[in-house]
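S.K.: output the structure for:
(chains A and B)
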Amino acid sequence: MIAIRDLQKIFHRGGEPVVACDVRALDVERGAHVALIGRSGLGKTTLLHCIAGIARPDRGSIQVGETRVDTLGEAARDRFRAEHVGLVYQTLNLLMPFSALENVALGAVFGRGAHRGTRARAQQLLERVGLADRMGHRPNELSVGQAQRVAICRALINDPELILADEPLGNQDRETGREVLALLLELAAEGNRTVLMVTHDQESAAQMQRTIDLADLRPTAPAAATQGAS
Amino acid sequence: MNLFAVSLRNVRVRLLSSVLTTVSIMIGTALLASLWLLREEIDRGYKASIGGYRAVVGSKDSSPLELTMSTVLNLGVPQGVVKLSTYTDLHEDRLPRRCHVRYAIPQARGDTYSRFHFPIIGTTDEMFSAFELGGKDQHLEFARGEAWRFGHQDLMRVAEQKAELAQHMAEHAGHGHEGHDHSINLPASWRRAVIGSKVARQLDLDLGAEIVPVHGRQDEVGSHTHDDFACAVSGVLAPTNTPIDRAVFIPLGTFLSMDDHVAVREAEGAEAGDVLLSAIVAKPRHHVGDRHLELLFQTRSDAQVAVPAKEIPRLMEWIGGAKQVLEIVSYLVLIVAAASVLVALYNTMNERRREIAIMRSLGARRPQIVRVILQEAALIALVGAALGVLLCHAAAWAFGGLVEDLAGVAVDWAAFSTAELWLILAVGALGGLAGILPAIKGSLTPVAEHLGPIS
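M.R.: Just a heads-up that it's a prediction; the model follows:
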């Protein structure tokens, strides 16, 4: 599903180039649930952004399914993201003026395009995550756990093959986090979706099928560690 | 849920800013629409008004424009007077053939009625039977009642009586007759008035109501009421949307009987017993008869001819200069209002970066972001413009009377035009243009930087 080779993303800070992400090789098969761990500053979020097409790597290749993401132009990367990727963030990133139902539907408006069945699909997803009575509520009227469930529904509205989650449980207490993660993995498994989740939490990482430490993917890492990651 | 709904929600979320920019657009549009409405209505009103007034014969003491404004538009009173002989020359076709008229109707002015200063016009019943407001045989119509009777022959009799009285006075001067009643006999049938539709509507007058003429203008120094000359309303004219709607017509015989009118005329140099008129409204038979009349009276000393069809465009040209300045100011106000849309939206772009980044992360393309923001700008401008046009018509409804007093024509507040629809669309497009810069700025928001903390 995901095949990354010799990826490097460089940011310029104060005129100096800073390597934000450096990955020798990473392979994730279709339907796998993978935790991506590593100390801060290694470039976990940057790697997710490169896979999603939000950022473009300065070097290397990213293959997601049939698509070579790194060679796509901006508009094509937007389309790719809209059609194949669902994003879930630690900070929820829901749009405040819109209700839970509208936030989920917006995923379709900006994604594959809203159609007659979009509203029903959004309702169905929210009912599935136990928010049938919260559809009209705005994000600030929801608990953190409820808002994160809305974000998961939004990520799933376009029926993507790949879910990229950036510390989705970061703002929640342990119990809520456990429930939300279980729900995310359950919904992902239903569609045989691949999940790549950045986390600092060992307990969450343990619930995934596989854990990869980004430090092991760096070109300077020992060969054995890199082998294990791929 | 679609992109328009997203724009609409964004406008609602920033309600205060949206309302303020909408109001600024509304004021600019209302100003421009009001000027357009005034121009259209005054133009239409003036054109409609001059229909029956092919030529106005009046004193040489007035300018042709003054004669036209006072006689056709009921604005002011003309300076000087014309003698009855001038009228009879016209009425009885004593002038060269090319100056012969379909009608010559005498008018005497100077009195008003009510606090609205509706002009009282002393005239003959030819104003209702012969005067043609628009085309041929298009006479004034009555909504209720009928015209009073005071025709040309009656006027001639009044003139004879006045002459006899004057002669009698001269013969018996110094013989103790000063205290006697010298007024002419005033039949009850002359104590009648025909009122315009606006007079009836504004003062809620109907048939039988009593009109007491005020010499001058009510509440002004020197004005007084002619209590002995109260006239009962015998007819109410149908609306013409011309200054006739705000006029009160009484028999010229009644007007001439009022003592102080005689005194005023005599003070203006007339001899005792003369019947003096403010103006004569004429319609030549010949298609260029007005020009012949004009030329003829240039050689005579007793009167001059004003041609409203020439004077009104001159007046409009004069007004046009001031109007043009106001129109430029209105365009500037609109441009400033559009700039306020730009500034308001541009300023929100910084606080909306995260929101835009989220949309982009969901797959929104740059053109979609541009479209959302342009729609917001256009929506604010369209709503503002539509409200502006409504405000303009509301103002026309509220201040129409004031405009009528100043310009002499009624403004139809309900006269919506296609130009206004185009104005709304143009202002909407202007708003859209104003949204281009903020939209470009918004669409260039770096997505990764504004999505949240980086791990």
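
S.K.: what secondary structure does the closest residue to chain B within chain A sit in?
M.R.: Using C-beta to the nearest C-beta, the closest approach of chain A to chain B is made by residue A:82 at 2.5 Å. Where you see a C-beta, it was placed from the backbone N, CA and C, and this is true even at glycine. Secondary structure for residue A:82, judged by DSSP: H, G, I helix; E, B strand; the rest coil, is helix.

S.K.: get me the contact residues on chain B for chain A.
M.R.: For chain B, the contact set with chain A under C-beta under 8 Å from any C-beta of the partner chain comprises B:1-3, B:6, B:9-10, B:12-13, B:354-355, B:358-366, B:368, B:447-448, B:451-455.

S.K.: from these, which ones fall inside helices?
M.R.: Judged by DSSP state H, helices contain the following of the residues of chain B next to chain A: B:3, B:6, B:9-10, B:12-13, B:354-355, B:358-361, B:366, B:368.

S.K.: CA atoms of stretch B:14-29 as CSV?
M.R.: Coordinates of each C-alpha in stretch B:14-29 appear next as CSV, following Å, rounded to 0.1, in the frame of the first residue of the first chain:
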residue,chain,number,x,y,z
ARG,B,14,-18.5,37.0,11.2
LEU,B,15,-21.9,38.7,11.6
LEU,B,16,-20.7,42.1,12.9
SER,B,17,-18.1,42.6,10.2
SER,B,18,-20.6,41.3,7.6
VAL,B,19,-23.3,43.6,8.8
LEU,B,20,-21.0,46.7,8.8
THR,B,21,-19.7,46.0,5.3
THR,B,22,-23.2,45.3,4.1
VAL,B,23,-24.4,48.6,5.6
SER,B,24,-21.6,50.5,3.8
ILE,B,25,-22.5,48.9,0.5
MET,B,26,-26.2,49.6,1.2
ILE,B,27,-25.6,53.3,1.8
GLY,B,28,-23.5,53.7,-1.4
THR,B,29,-26.1,51.9,-3.5
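
S.K.: which outside residues touch it?
M.R.: Contacts with stretch B:14-29, where a contact means C-beta atoms under 8 Å, 6 or more residues apart in numbering or on different chains, come from B:11-12, B:330, B:333-338, B:340-341, B:344, B:348, B:380-381, B:383-385, B:387-389, B:391-392, B:423-424, B:427, B:431.

S.K.: follow-up on the earlier one: which one of the ones in helices among the residues of chain B next to chain A is nearest to residue A:13?
M.R.: Using C-beta to C-beta, residue B:354 is the member of those that sits closest to residue A:13, with 21.1 Å.

S.K.: now for the helix or strand in which residue B:421 is found, which elements pack on it?
M.R.: In this assignment (DSSP states H and E), residue B:421 forms part of helix B:418-434. Packing partners of helix B:418-434 (3 or more C-beta pairs under 8 Å, 6 or more residues apart in numbering or on different chains; DSSP states H and E): helix B:15-49, helix B:308-351, helix B:366-407.

S.K.: tilt between it and helix B:366-407?
M.R.: Angle of helix B:418-434 versus helix B:366-407, following axes from the mean of the first three to the mean of the last three C-alpha atoms, to 10 degrees, is 140 degrees.

S.K.: pull out the buried residues from helix B:418-434.
M.R.: Using 16 or more other C-beta atoms under 10 Å in any protein chain shown as the test for burial, helix B:418-434 gives B:420, B:423, B:424, B:426, B:427, B:428, B:430, B:431, B:432, B:433, B:434.

S.K.: in a markdown table, list those along with pLDDT.
M.R.: A markdown table is the format used below for the buried residues of helix B:418-434 (pLDDT from 0 to 100):
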| residue | pLDDT |
| --- | --- |
| B:420 | 92 |
| B:423 | 93 |
| B:424 | 95 |
| B:426 | 94 |
| B:427 | 93 |
| B:428 | 94 |
| B:430 | 93 |
| B:431 | 93 |
| B:432 | 93 |
| B:433 | 93 |
| B:434 | 92 |
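
S.K.: please list all residues in contact with residue A:17.
M.R.: Residue A:17 neighbours (C-beta under 8 Å, 6+ apart): A:10, A:11.

S.K.: hang on, it in a strand?
M.R.: Yes. Residue A:17: assigned to a strand according to three-state DSSP.

S.K.: re earlier: go ahead and confirm the residue of chain A closest to chain B touches residue A:110.
M.R.: Yes. Using C-beta atoms under 8 Å, residue A:82 is in contact with residue A:110, at 6.5 Å.

S.K.: okay, and the common contacts of the two?
M.R.: In contact with both residue A:82 and residue A:110: B:362, B:363, B:364, using C-beta under 8 Å, 6+ apart.

S.K.: spatially nearest residue to residue B:103 (excluding sequence neighbours)?
M.R.: residue B:130 (3.9 Å; C-beta to C-beta, 6 or more residues apart in numbering or on different chains).

S.K.: residues near the one you found, how many?
M.R.: 19 (other C-beta atoms under 10 Å in any protein chain shown).

S.K.: which of the shared contacts of residue A:82 and residue A:110 sits closest to chain A?
M.R.: residue B:363 (2.5 Å).

S.K.: report how many residues lie close to the closest one.
M.R.: 28.

S.K.: can you tell me the closest non-neighbouring residue to it?
M.R.: Nearest to residue B:363 is residue A:82, by C-beta to C-beta, 6+ apart, at 2.5 Å.

S.K.: pull the contacting residues for the one you found.
M.R.: So residue A:82 contacts A:110, A:111, A:112, A:158, B:362, B:363, B:364 (C-beta under 8 Å, 6+ apart).

S.K.: save those residues as JSON lines, and put in distance to residue B:164 too.
M.R.: JSON lines is the format used below for these (distance: C-beta to C-beta, whole Å):
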{"residue": "A:110", "distance to residue B:164": "99"}
{"residue": "A:111", "distance to residue B:164": "103"}
{"residue": "A:112", "distance to residue B:164": "103"}
{"residue": "A:158", "distance to residue B:164": "106"}
{"residue": "B:362", "distance to residue B:164": "102"}
{"residue": "B:363", "distance to residue B:164": "103"}
{"residue": "B:364", "distance to residue B:164": "98"}
